[in-house]
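Asker: The sequence isn't on hand, but the structure is:
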């Protein structure tokens, strides 16, 4: 009788070990699936941002008046309540940049693209006085782009001061 009890106990221990191993395997699969889903969601988000940005840029390109407004090198005065296509598309362009720049800070997979988005934002800000004007006038609307624009200006000012000859010498 003692033998049967020991044998039954060993079987119970073996079943418990197998059950724990199976539960661990299921947890591992769950973690792996979560990583895959997160990566897929970030890729989908990236595609949406790129698509939205492309739509805005194509709309700007299709409208000569909007193109002139957005990509003018110097600021122009505009009325306070300006809802013409150039102004609205400028706001949409900044919205897309803000979304992408925030994503590089909040999404682990998107952070890989941070430098590229920073360079792109710098290029847009350098080329568009309308973007610079909007971001400067409303920094709370686009905090990430505004912070980047301020940092970019600080770097540009320090480069100019280092590169400029000192007349006192």
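Answerer: Thanks, I have it. Remember, it's a predicted structure, so these values are computed and weren't measured experimentally. Numbering: from 1, shown residues only.

Asker: could you point out which element follows the helix or strand residue 34 falls within?
Answerer: Secondary structure from DSSP states H and E places residue 34 in helix 2-62. Downstream of helix 2-62, the first helix or strand assigned by DSSP H and E is helix 64-70.

Asker: tell me what that following helix is packed against?
Answerer: Under the contact criterion of 3 or more C-beta pairs under 8 Å, 6 or more residues apart in numbering; DSSP states H and E, helix 64-70 touches helix 2-62, helix 85-106, helix 129-137. Where C-beta positions appear, they are placed from N, C-alpha and C, glycine not excepted.

Asker: now the angle from the longest one to helix 85-106?
Answerer: In terms of direction (axes from the mean of the first three to the mean of the last three C-alpha atoms, to 10 degrees), helix 2-62 departs from helix 85-106 by 160 degrees.

Asker: Now find how far off-centre helix 2-62 is within its chain.
Answerer: Its chain's C-alpha centre lies 24 Å from the corresponding centre of helix 2-62 when counted by C-alpha atoms, centre = their mean, to the nearest Å.

Asker: Which elements pack onto that helix?
Answerer: Where contact means 3+ C-beta pairs under 8 Å, 6+ apart, helix 2-62 is packed against helix 64-70, helix 85-106.

Asker: Could you do the second one as well?
Answerer: Other helices and strands packing on helix 85-106, by 3+ C-beta pairs under 8 Å, 6+ apart, are helix 2-62, helix 64-70, helix 114-127, helix 129-137, helix 143-163.

Asker: quick one: average confidence on the shortest one?
Answerer: For helix 64-70, the mean per-residue pLDDT is 88.

Asker: which other residues reach it?
Answerer: 59-61, 76, 84-87, 89-90, 93, 128, 130-131 (C-beta atoms under 8 Å, 6 or more residues apart in numbering).

Asker: same thing but at 6 Å, please
Answerer: Helix 64-70 has contacts (C-beta atoms under 6 Å, 6 or more residues apart in numbering) with 60, 85, 86, 89, 90, 128, 130.

Asker: Nice, that's everything, thank you.
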